[in-house]
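S.K.: using only what follows, build the 3D model:
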Amino acid sequence: MNMKKTALAVALAGVLGMGVGTAQASQIPCGSFCAPGSAASSTANNNFTMLSPGGGLVSGATDVAMTWDGTVFTSSSDYTGPASVSDMTLSSLTTFYGTLWTAHTIQVFAPGSYTFDPTLGGGAAETGTLTMNVGTGQLGAHMLFDWGSNANIDVAVVWNANGVFGNNSNQQTLTGTAVWNAVSVDGNGDGIPGISMPVGGPFAGFHANFNLNGITPAPVPIPAAAWLFGSGLIGLVGVSRRRRQNRQS
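M.R.: Below is the predicted model of the structure:
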């Protein structure tokens with residue numbers, strides 16, 4: 001019996017992509033947000049948009065390259081600092097206010113509530129906590145952002161599938177009205193897309209947003225009631241035709 005239980009545990013770990021005995025025990029396939037087996041690699045049509053604490057457009061880039069292995073994490077404890085396992089990359093050749101930036105240690109998260117300790121980054125002198133609430137049908141991401149001499153600035157983003165970025169035309173300046181596979185949305189309830197960056201860092205209160213294409217969202221299932229309604233309409237059409245044929249004969 002014990003041998004059977006051990007074999008089952010190993011099999012489940014393999015299916016969930018956890019890896020037996022690894023530190024990142026919560027890493028699993030992306031679930032209902034994206035198509036089964038989905039992974040993404042796209043060097044076009046991804047963007048980075050920085051918004052001020054009041055929601056105004058500051059700057060950004062439209063040439064962001066992205067890769068993602070299709071897995072997500074399910075626990076804040078999977079982030080342990082710059083050495084944490086990463087499942088996504090983001091990069092750009094466009095400078096931000098004259099200086100190149102780098103996003104690293106990027107972890108994508110399943111629906112849930114997550115709290116990160118910005119002091120673990122060891123770079124920017126950030127304080128407090130960074131909270132991210134990822135709802136049903138959403139994905140979240142936590143990353144470290146380097147800009148010039150400012151290293152390991154904590155950034156969190158929440159994504160909806162298939163949406164337009166921003167709630168005013170100013171925020172859409174860098175993005176137009178394109179529909180993104182993963183669109184950055186308000187992740188902390190302040191009415192501004194993105195999540196306020198921690199106090200103490202160079203962008204305290206600012207909102208860093210990333211909007212992505214290349215991810216294949218899961219198809220939205222058609223409710224059973226819709227199928228029944230459709231079949232009912234087809235039946236009515238058939239009855240109507242038969243009645244007309246009977247009258248003509």
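S.K.: and the helices in the protein, which stretches?
M.R.: Assigned by DSSP state H, the chain shows helices spanning 2-16, 224-248.
S.K.: weakest of those in terms of mean pLDDT?
M.R.: Comparing the helices of the chain by mean pLDDT, the weakest confidence falls on helix 2-16, with a mean of 31.
S.K.: and stretch 61-72, how far apart are its ends?
M.R.: The straight-line separation of the ends of stretch 61-72 (Cα to Cα, to the nearest Å) is 25 Å.
S.K.: give me the buried positions along it.
M.R.: A61, T62, V64, M66, T67, W68, D69, G70, T71, V72 (16 or more other Cβ atoms under 10 Å). The way it works is simple: take the backbone N, C-alpha and C, and place the C-beta from them, glycine included.
S.K.: and the pLDDT for G70?
M.R.: According to the prediction, G70 has pLDDT 90.
S.K.: excluding chain neighbours, what is closest to it?
M.R.: Counting by Cβ to Cβ, 6 or more residues apart in numbering, A39 is the residue found nearest to G70 once chain neighbours are left out, at 3.8 Å.
S.K.: same question, N170
M.R.: Going by Cβ to Cβ, 6+ apart, N170 has L57 as its nearest residue, at 5.1 Å.
S.K.: max-length strand in the protein?
M.R.: In the chain, taking DSSP state E as the definition, the longest strand is strand 150-164.
S.K.: partners of that one, with directions?
M.R.: strand 139-147 (antiparallel), strand 179-185 (antiparallel) (DSSP bridges).
S.K.: buried residues in that strand?
M.R.: Of all the residues in strand 150-164, those buried under the rule 16+ other Cβ under 10 Å are 150-161, 163-164.
S.K.: returning to what we had before: so who does the residue nearest to N170 touch?
M.R.: For L57, the contacting residues are T49, M50, L51, N170, Q171, T173, L174, taking Cβ atoms under 8 Å, 6 or more residues apart in numbering as the criterion.
S.K.: just list whatever residues bridge to it.
M.R.: According to DSSP bridges, beta-bridge pairing links L57 with L51.
S.K.: for N47, see how far away it is.
M.R.: Using Cβ to Cβ, to the nearest Å, one obtains 12 Å as the distance from L57 to N47.
S.K.: can you tell which of the strands paired with strand 150-164 is closest to N211?
M.R.: Comparing the strands paired with strand 150-164 by their distance to N211 (Cβ to Cβ), the top pick is strand 179-185, with 4.3 Å.
S.K.: now do the same contact list for the closest residue in space to S77 that isn't next to it in sequence.
M.R.: The spatial neighbour of S77 that comes closest, neighbours along the chain excluded (Cβ to Cβ, 6+ apart), is S26 at 7.9 Å. The contact partners of S26, taken as Cβ under 8 Å, 6+ apart, are M18, F73, T74, S75, S77, D78.
S.K.: now with 6 Å?
M.R.: F73, T74, S75, D78 (Cβ atoms under 6 Å, 6 or more residues apart in numbering).
S.K.: return the member of those nearest to L90.
M.R.: Nearest to L90 among the contacts of S26: F73, at 16.4 Å, using Cβ to Cβ.
S.K.: confidence score at that closest one?
M.R.: On the pLDDT scale, F73 is placed at 95.
S.K.: surely it touches I106?
M.R.: No: under the contact definition of Cβ atoms under 6 Å, F73 does not touch I106, with a separation of 10.6 Å.
S.K.: who's more crowded, those two?
M.R.: Residue environment comparison for F73 versus I106 gives the larger neighbour count to F73, 25 against 22, counting by other Cβ atoms under 10 Å.
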